[in-house]
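1. Model the following, please.
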Amino acid sequence: MGGVRTALYNYLFAKKHGGDFLLRIEDTDQTRFVPGAEAYILESLRWCGIEPNEGVGYGGDCAPYRQSERKEMYRPYAEQLVHRGWAYYAFDTPEELDYIRQQAEKAKMPNWQYNAISRMTLKNSLTLPADDVAERLRAGEPYVIRFRMPRNEEVRFHDIIRGWVVFSTNELDDKVLFKSDGMPTYHLANVVDDHTMDISHVIRGEEWLPSAPLHVMLYKAFEWTAPEFAHLPLILKPDGNGKLSKRDGDRLGFPVFPLEWTDPETGSVSSGYREMGYLPEAFLNMLLLLGWAPSDNREIFSLEEMIGAFSIERIGKSGSKFDPEKTKWFNHQYLKKTPPPQLATLLIPYLHEKGWHVEQDYAARVCALMVERATFARDLADGTYFFEAPAHYDQEAVAKKWKQGASGALMAEWSGRLQALTTFTAAEIDDTLKKFLSEKNLGMGAVMPLFRLMITGVLTGPGAAQVAEVIGKEESLSRIAAGVSALG
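-> Below you'll find the model as predicted:
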C-alpha cells in the first residue's frame, strides 16, 4: 500500500499539471527479481484506476521502459563519467572487500566504507598504473565502476516537502554505478532514465532520501538539470512507532497489499484489499489522506476531486499512523454511495456461495435496505431473512415480547389486515398499521416488534414494513403463520 500511495501522489500531481505519469520497471538488480511482481504491479494500478500514460504495458515514445531491456545504453554514460574524472574502475573482488570489512570490525571500525580515503589503498584505476588498468580491461577482468565522491563538499538540494536538505560528502561512500555483469545499478540507471525521459519531478518514499545526494552529484557530473525531488513520509504502524510492515498486518488482521499476493518462494499468501472486499475508490481515498491534508476538513474525494485539490506542499514531513478502522469507515462511505444495481453485482457471488440464487433486481432491493449497516459487500448478505424464512427466533426477543395466547392472537389479526391489502408496499403497510393500532388502542411497541420477529426472526435490521415489501405479501403472511404456530 505504500507503493500504491506513492503511485497515487505521482498520478495526481501529473494529472493536475497536465503532465504524464510513467511506469518504469527498475529491474537492474537481477538478484532481487521476483516472478510475477511486474504483472502484480500492473494489475494493482488497473484495479485502483490510476493507470499510467506510458510505460511497461502501455508503450510510449521512451520505450522500452523495463531497465533490463535498456541495458546497452547505460555503459557509455558510465564510461563518460570515468573520462570526466567523476568515476573510476575498481577491480577489488567481493572476497577481498569482505576481508577488509572483517578486519575493520576487528579494529572496532564497523562502518568501513569504500570512500575518498580508503579508495587510495585499494585496487582501482586511481591507484594502479594506466597501462595496468588498460591490460586488465583488455583481459576481461571483472570490475565495477564507482562514483568518485569528492571530499569536503556540501550537497544541497531543495525537497518540495522538506525544504532545503544538506549532506556532507565526507559521510558518503563511492557507490557502484556499473557492475561486472554489464548491468547498471539503480543509481546510474535511475538518473540516466529520468534525464532521457524528461522527468520533471521525482516523488518517492522517504527511504530514498539517503540516495538523493548521490543522484544530485550525478546530475552535476553529467552537467544535466536535476528534476525536483519530493520524499514522502513513512506510513507508520497503528500501534507504536516504526514503519508499517506486512508483519503488522498479519499480527493485527488487516491487509497491507492492494491485491492478494502469493510469495513465489515460500508460497505464503498475503491478504489484499480487493479480496477483503474493499472498493478501490475507498482504498485510494484512505491512501490520499495518509500523509496529505486538504485545506478544509473534507474527507471524501472522488478521483477527479483528488486531482483538483492535490498539492505536494500539503504533504506532511512526519510519518502518518495507519488506522485500519478508519479504512473500514471509508469503505462504508463508498458502499453507501454505490448504486444498488452495482451493489447487487458485488453481492450475488456471496449469495451463490451460500446457495441462494436470486434475480439481480431482487438483490438490488435488498442492498438498498442493508447498505446502511454494511461495511463490505459481503455484509449485505447478513440479512438472511431476505433469502429464507427464519428457522429460529431470537430467544431473548421471544422472552421479552411474546406473551402466550395474546401475542399469537394479535399477530393472527394483524395478518388478516395485511391479507386485505391490494398494494403491498412499505408505505401502505405502515398506514394500515397506524389504523390497526388506533382501533386496538395499542402503542407501536405492542405490534411492530412482533411483526418483525415473525418475518425476520430477530428484532434488529431494516424496518419490518420495508422487509415485508421486499419478500412480498405471500411470503410475509406465510412467515407470520409459521411464527404463530412455532411460538404458540
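
2. can you give me the helices in the stretch 351-488 of the chain?
-> 360-370, 395-401, 406-419, 426-440, 444-456, 464-471, 473-487 (DSSP state H, counting those that start in this stretch).

3. For those helices, could you give me TSV that also reports mean neighbour count and distance to residue 1?
-> Where C-beta positions appear, they are placed from N, C-alpha and C, glycine not excepted. Below are these laid out as TSV (neighbours: other CB atoms under 10 Å; distance: least, CB to CB, whole Å):
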stretch	mean neighbour count	distance to residue 1
helix 360-370	19	28
helix 395-401	13	41
helix 406-419	16	51
helix 426-440	14	42
helix 444-456	20	38
helix 464-471	21	38
helix 473-487	17	44
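
4. Determine which of those approaches residue 322 most closely.
-> With respect to residue 322, and counting by CB to CB, the nearest of the helices of the stretch 351-488 of the chain is helix 360-370 at 28.3 Å.

5. three-state assignment of residue 229?
-> Using DSSP: H, G, I helix; E, B strand; the rest coil, the structure places residue 229 in strand.

6. Not counting its neighbours along the chain, what's nearest the most centrally placed residue in the chain?
-> In the chain, the centroid-proximal residue (CA atoms, centre = their mean) is residue 1; its distance is 3.3 Å. Leaving aside its chain neighbours, residue 1 sits nearest to residue 256 (5.5 Å; criterion: CB to CB, 6 or more residues apart in numbering).

7. What's the local residue count around the one you found?
-> Counted with other CB atoms under 10 Å, the neighbours of residue 256 add up to 23.

8. same thing with residue 102?
-> Using other CB under 10 Å, residue 102 is surrounded by 11 other residues.

9. Please read off the pLDDT at it from the model.
-> For residue 102, the model assigns a pLDDT of 95.

10. for residue 382, same thing?
-> Residue 382 is given a pLDDT of 92.

11. burial measure for it, as a count.
-> 13.

12. And it, how close does it get to residue 359?
-> 20 Å (CB to CB, to the nearest Å).

13. Next, format the helices of the stretch 351-488 of the chain as JSON lines and append distance to residue 230 and mean pLDDT.
-> Below are the helices of the stretch 351-488 of the chain laid out as JSON lines (distance: least, CB to CB, whole Å; pLDDT from 0 to 100):
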{"stretch": "helix 360-370", "distance to residue 230": "41", "mean pLDDT": "97"}
{"stretch": "helix 395-401", "distance to residue 230": "57", "mean pLDDT": "94"}
{"stretch": "helix 406-419", "distance to residue 230": "65", "mean pLDDT": "96"}
{"stretch": "helix 426-440", "distance to residue 230": "54", "mean pLDDT": "96"}
{"stretch": "helix 444-456", "distance to residue 230": "54", "mean pLDDT": "95"}
{"stretch": "helix 464-471", "distance to residue 230": "50", "mean pLDDT": "97"}
{"stretch": "helix 473-487", "distance to residue 230": "59", "mean pLDDT": "96"}
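
14. For residue 219, find the nearest of those.
-> Closest among the helices of the stretch 351-488 of the chain, using CB to CB: helix 360-370, at 54.7 Å.

15. Residues contacting that closest one, please?
-> Helix 360-370 has contacts (CB atoms under 8 Å, 6 or more residues apart in numbering) with 340-341, 343-345, 347-348, 351, 358, 379-380, 382-383, 386, 462, 466-467, 470.

16. burial count for residue 34?
-> 12.

17. check contacts around it.
-> So residue 34 contacts residue 264 (CB under 8 Å, 6+ apart).

18. Now it, what are its backbone angles?
-> Dihedral pair for residue 34: phi -120, psi 110, per degrees, to the nearest 10.

19. one step back: next, format the helices of the stretch 351-488 of the chain as CSV and append distance to residue 141.
-> What follows is the helices of the stretch 351-488 of the chain, written out as CSV (distance: least, CB to CB, whole Å):
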stretch, distance to residue 141
helix 360-370, 70
helix 395-401, 83
helix 406-419, 94
helix 426-440, 85
helix 444-456, 81
helix 464-471, 80
helix 473-487, 85
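
20. between the ones you listed, which one is nearest to residue 70?
-> That would be helix 360-370 among the helices of the stretch 351-488 of the chain, by CB to CB, at 48.8 Å.

21. got a list of what residue 167 touches?
-> Contacts of residue 167 by CB under 8 Å, 6+ apart are 154, 155, 212, 213.

22. Out of those, grab the one that's most surrounded.
-> residue 213 leads the contacts of residue 167 on contacts (other CB under 10 Å) with 22 neighbours.

23. can you list the weak-confidence ranges in the stretch 1-150 of the chain?
-> Nowhere does the stretch 1-150 of the chain drop to pLDDT under 70.

24. which residues in it form helices?
-> All helices of the stretch 1-150 of the chain, identified by DSSP H, counting those that start in this stretch, fall at 2-16, 37-48, 71-83, 94-106, 130-138.

25. So which of the ones you listed is nearest residue 192?
-> When those are compared (using CB to CB), the closest one is helix 71-83, at 5.2 Å.

26. and the closest one, what does it pack onto?
-> Using 3 or more CB pairs under 8 Å, 6 or more residues apart in numbering; DSSP states H and E, the elements in contact with helix 71-83 are strand 87-90, strand 144-147, strand 176-178, helix 186-196, helix 212-222.

27. okay, the ones you listed, which one's buried deepest?
-> Of all the helices and strands packed on helix 71-83, strand 144-147 carries the top mean neighbour count, a mean of 25, counting by mean count of other CB atoms under 10 Å.

28. Show residues contacting that one.
-> 78-79, 81-82, 86-90, 114, 119, 124, 174-180, 187, 214, 217-218, 221.

29. just checking, what packs against the following helix or strand past that strand?
-> Per DSSP states H and E, the first helix or strand lying C-terminal to strand 144-147 is strand 154-159. In terms of contacts (3+ CB pairs under 8 Å, 6+ apart), strand 154-159 is packed against strand 163-168, helix 212-222, strand 228-232.

30. before we move on, back to that, so which of the helices of the stretch 1-150 of the chain is the most surrounded?
-> It is helix 2-16: most buried of the helices of the stretch 1-150 of the chain by mean count of other CB under 10 Å, with a mean of 21.

31. tell me the angle of that one relative to helix 37-48?
-> 60 degrees (axes from the mean of the first three to the mean of the last three CA atoms, to 10 degrees).

32. helices or strands next to helix 2-16 in the packing?
-> For helix 2-16, the packing partners by 3+ CB pairs under 8 Å, 6+ apart come out as helix 37-48, strand 201-205, strand 228-232, helix 280-288, helix 303-309.

33. Quick check: what element follows the third one along the chain?
-> If I follow you right, that is strand 228-232. Taking DSSP H and E, what comes next after strand 228-232 is strand 235-236.

34. I'd like the average pLDDT over that following strand.
-> 94.

35. confidence score at residue 350?
-> At residue 350, pLDDT is 94.

36. From the chain's centroid, how far away is stretch 194-207?
-> Taking CA atoms, centre = their mean, to the nearest Å, one finds the center of stretch 194-207 at 21 Å from the center of the full chain.
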